[in-house]
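**Q** Predicted model and sequence follow; I will ask about them next.
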Amino acid sequence: MESYLNENFGGVKSKHSSDEVLQRWRKLCGVVKNPKRRFRFTANLSKRSEARAMKRSNQEKLRVAVLVSKAALQFIHGITLHSEYTVPAEVKAAGFEICAEELSSIVEGHDLKKLKAHGGVAGVADKLSTSTNDGLITQEDRITVRQQIYGINKFAESQARSFWVFVWEALQDMTLIILAVCALVSLIVGIATEGWPKGAHDGLGIVASILLVVFVTATSDYRQSLQFKDLDKEKKKISIQVTRDGFRQKISIYDLLPGDVVHLAIGDQVPTDGLFISGFSLLINESSLTGESEPVAVSTENPFLLSGTKVQDGSCKMLVTTVGMRTQWGKLMATLSEGGDDETPLQVKLNGVATIIGKIGLFFAVVTFAVLSEGLIRHKFRDGSYFSWSGDDALELLEFFAIAVTIVVVAVPEGLPLAVTLSLAFAMKKMMNDKALVRHLAACETMGSATTICSDKTGTLTTNHMTVVKACVCGNIKEVSNSKEAISICSDIPDSVVKILLQSIFNNTGGEVVTNQDGKLEILGTPTETALLEFGLSLGGNFQVVRKESSLIKVEPFNSLKKRMGVVLQLPGGIYHAHTKGASEIILAACDKVLDSTGNAVPLDETAVSHLKGTIESFANEALRTLCLAYMEIENGFSVGEQIPLSGYTCIGIVGIKDPVRPGVKESVAICRNAGITVRMVTGDNINTAKAIARECGILTDDGLAIEGPEFRTKSLEELNALIPKLQVMARSSPLDKHNLVKHLRTTFDEVVAVTGDGTNDAPALHEADIGLAMGIAGTEVAKESADVIILDDNFSTIVTVGKWGRSVYINIQKFVQFQLTVNVVALIVNFSSACLTGNAPLTAVQLLWVNMIMDTLGALALATEPPNNDLMKRAPVGRKGNFISNVMWRNILGQALYQFVVIWYLQTEGKGLFRLEGLNSDATLNTLIFNSFVFCQVFNEISSREMEKINVFEGILENCVFVAVIVSTVIFQFIIVQFLGDFANTTPLTFMQWFTSIFVGFLSMPIAAAVKLIPVDA
């Protein structure tokens, strides 16, 4: 079966499956009882093609708009334009001078002519009653008016489905519809021949069973939908930096309004349409909106920013102009949201299992009906009454047909693919509580197969709470972990050096020091920038004063490829200074001078280089991150079009930043090792820092290798094949190094790889990996967009929890499949063999419907929602090539099915003698005993299925309230059906001894299951 599944249903991957592959498996699913329910959690391929068409249309629109705007720019250069635009009355009455439609046409159409006619960006800001410096004034009534005129920044979403929609979908099961028709015919014929109420019992029994199945199914599905809805809300919690009321603050992107001033940096997603106010080196990736991969430079000449695009480089301030469904991104998102998530590999495989068994079940159902009907017709021929058909004969034939249909109900395990969704929904909800937000369903199950985790260092293995604790300035190495020590360094170095050091710290930064609404200083920026700015403040520096002493001419923001950041400043008197900072050895290599103890720039000789390299190494060996700061005076002036120099700098100093290892990381790494998962550290830091942290975390072992990215790049394929299995640390790595490592691990070594990432440049590696893990706190929106799971607390221990839940999902579904296939096999064989050999079926339609509910909806609830235990992390990972329906499962299924079949068959042939049943009611009592024994076999088999290999199946059973509730309710309902609903369910009340025997027969399946588990099989 596994090879058939792999051949026909194995093409679907955990991510990036083609539409052709997704379409192919759908066509193979021929026997589907309820397509609406079966394919509810599969991608809507037609909606996806609509979204692609929309992207192509956007691309063409933007291409034309850009060409027009370029022509317009040449035409209007130096010309004063007057607008013929008329402000709508309601907009004017609200206190604004421009309407939403006009704003939309300016930005979406890249209309420079219109923009200039409205007075440029400043003019548009005035017409929106806002300030490009202080932002919106947030008076409650003004905000409400603004929302009414311009709308809110929310996208249209599909209406939440009510409980009754799920009831309606459950009713559309083809077999249930056929059974309902059978029930109606049974009611009409029964009442006509036997009168009311006796003639209605069989028909009403089937109707009641159908309604019970429908309502239990709908309740389960509705609860799942609510869980997914809660998760969708969490996914949409995105904040952005804005200036409002003159203060920088973080707000939800859904609270943005036209007139807001938004601050964008590398990795941010542009949250609305808007206009560029000011910024540096801004490159925008518009591929999400247009499919065009080439980044677009945005500046005062091309000031248009579109919602949904991403900041690839640089930073800026943006004036919000258009929000929500008025943007192209809003319309695209509305279509994309209807496209849905890709189905997971397990869902597809289990659809395959359901299809195979469905075809087998259909064959058996047809043969069963034919055999039962043939028996009746033969009996009529023998009596010579084949032309004389009574109401009883019609009801009997109808019962045969109902049994055949119900065999299809039981045989087609429609619940298998939905059990995956149930288990994933349950796991995703629980993982949310454990600080992991799953963005794609498939990530849950794939994480259970992970064999390798490639983890960042900063913020994942460490706390990301950084402080400068050591500094080497003018050759002096000082401890500067507190303000007293920092101030003391100022007395040891010349004032001119302190001035140039503060100029470097406060200008060459991606952070800011602002005054918050409470009047206190607040540092904004990455943890590294924050640590440096804190150091600058502790030296007695004043951020705003230092910034005002010069003007920024050009900024090249830090990125993980260059491992450096640079700025050019214009000082009073027309002097230009370039400042750079970054990875110590890279910046030091760009220096040819150093500041000595007197503050003079002297040539870097071998002694000075050796001293500085020794300082870097000693800092790194103490697990400190090292940064080098340098500057140069540009003698011949500088223009914005020039590149910031890459060499010829004077070294100001080196700082050592402490970033402690997170508590619990060492234990989590040890858990991974025991679980057969290799943890590798991939970092941009110095190799000595990386090795020190890796040893502290337990990642780097005595036989492990640490390598630098530049060296990794030079290796041949043969060398990489020998190196990668031992590789535990990669330092000074670029995003491309990380991507290549992941690719090698996945393709050459067939590993299932999980990768962490937080920066924009990590997106390719996150995309390439089987499971991309983005950091929720330090991660950029671009990284989160490319990820499958967001680690909300940036903690490595949470990644281990995700792995544990992934394994739990995989094994829970295996347990459920084992349980359901056992019931399928036994129900099929019992009814079929009985029909063929005795001419009647021991389990009626109503009884089979009840069994179907036990094994389908209730079974999934019980077994697919088992919480994970620590033993899960003591077994080897499944990996990429593990069989889902394993030999262990087949052993358990066949052992249990054989026992149940033998017992049921023995009761059917010898039951009357065994229980001394005589008289007219003996057949009904025997069939009730068989039904009762069969159900209790499933109840105890459900308990045995909690563990596929361990003998002790009771461990932790009381911790799973859902499981206990399902078992208890099944037993109570079974008692009610047998003792009180005989007229509807074709049962008769049993004596105490008969009940005891039925339960004992069921209980015996547990020691049988335990004995079967002792039979050794290959995994």
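**A** Thanks, I have the structure now.

**Q** how many neighbours does residue 920 have?
**A** Neighbour count of residue 920, defined by other Cβ atoms under 10 Å: 6. Where you see a C-beta, it was placed from the backbone N, CA and C, and this is true even at glycine.

**Q** how near is it to residue 988?
**A** 11 Å (Cβ to Cβ, to the nearest Å).

**Q** Residue 556: what secondary structure?
**A** strand (DSSP: H, G, I helix; E, B strand; the rest coil).

**Q** so it bridges to which residues?
**A** Note on residue 556: beta-bridge partners residue 566, judged by DSSP bridges.

**Q** ok, now how distant is it from residue 548?
**A** Applying Cβ to Cβ, the value for residue 556 to residue 548 is 22 Å.

**Q** Of these two, which one has the most company?
**A** For residue 556 and residue 548, the more surrounded residue by other Cβ under 10 Å is residue 556, and the numbers stand at 19 against 9.

**Q** residues contacting the spatially most central residue of the chain?
**A** The residue lying closest to the centre of the chain (Cα atoms, centre = their mean) is residue 439, at 2.2 Å. Contacts for residue 439 (Cβ atoms under 8 Å, 6 or more residues apart in numbering) come out as 235, 784, 787-790.

**Q** Next step: the residues you listed restricted to strands.
**A** The strands, defined by DSSP state E, take in 789-790 from the contacts of residue 439.

**Q** Counting neighbours, which of the contacts of residue 439 comes out on top?
**A** Busiest of these [other Cβ under 10 Å] is residue 787, holding 30 neighbours.

**Q** can you count the residues close to the nearest residue to it once chain neighbours are set aside?
**A** Once flanking residues are discounted, residue 787 sits nearest to residue 774: 3.4 Å by Cβ to Cβ, 6 or more residues apart in numbering. Neighbourhood size, residue 774 [other Cβ under 10 Å]: 29.

**Q** May I have the residues that are in contact with residue 774?
**A** 756-758, 762, 766, 783-784, 786-787, 789-791.

**Q** which residues touch the closest residue to residue 468 other than its chain neighbours?
**A** Of all residues not flanking residue 468 in the chain, residue 535 sits nearest, at 4.0 Å (Cβ to Cβ, 6+ apart). Residue 535 is in contact with 468, 471, 480, 486, 505, 655, counting by Cβ under 8 Å, 6+ apart.

**Q** go on, residue 650?
**A** So residue 650 contacts 591-595, 601, 630-632 (Cβ under 8 Å, 6+ apart).

**Q** Can you go through these and name the buried ones?
**A** 591, 593-595, 601, 630-632 (16 or more other Cβ atoms under 10 Å).

**Q** which one of these is nearest residue 671?
**A** Residue 671 lies nearest to residue 630 out of the buried ones among the contacts of residue 650, by Cβ to Cβ, at 43.1 Å.

**Q** Give me the three-state assignment for the closest one.
**A** Under three-state DSSP, the three-state class of residue 630 is strand.

**Q** And residue 321, by the same measure?
**A** Per three-state DSSP, residue 321 ends up strand.

**Q** still on that earlier bit, want to throw the contacts of residue 650 into JSON lines with distance to residue 898 and pLDDT?
**A** Converted to JSON lines, the contacts of residue 650 look like this (distance: Cβ to Cβ, whole Å; pLDDT from 0 to 100):
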{"residue": "591", "distance to residue 898": "79", "pLDDT": "95"}
{"residue": "592", "distance to residue 898": "83", "pLDDT": "93"}
{"residue": "593", "distance to residue 898": "85", "pLDDT": "93"}
{"residue": "594", "distance to residue 898": "83", "pLDDT": "94"}
{"residue": "595", "distance to residue 898": "85", "pLDDT": "93"}
{"residue": "601", "distance to residue 898": "88", "pLDDT": "92"}
{"residue": "630", "distance to residue 898": "78", "pLDDT": "96"}
{"residue": "631", "distance to residue 898": "82", "pLDDT": "95"}
{"residue": "632", "distance to residue 898": "83", "pLDDT": "94"}
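
**Q** Brilliant, that's me finished.
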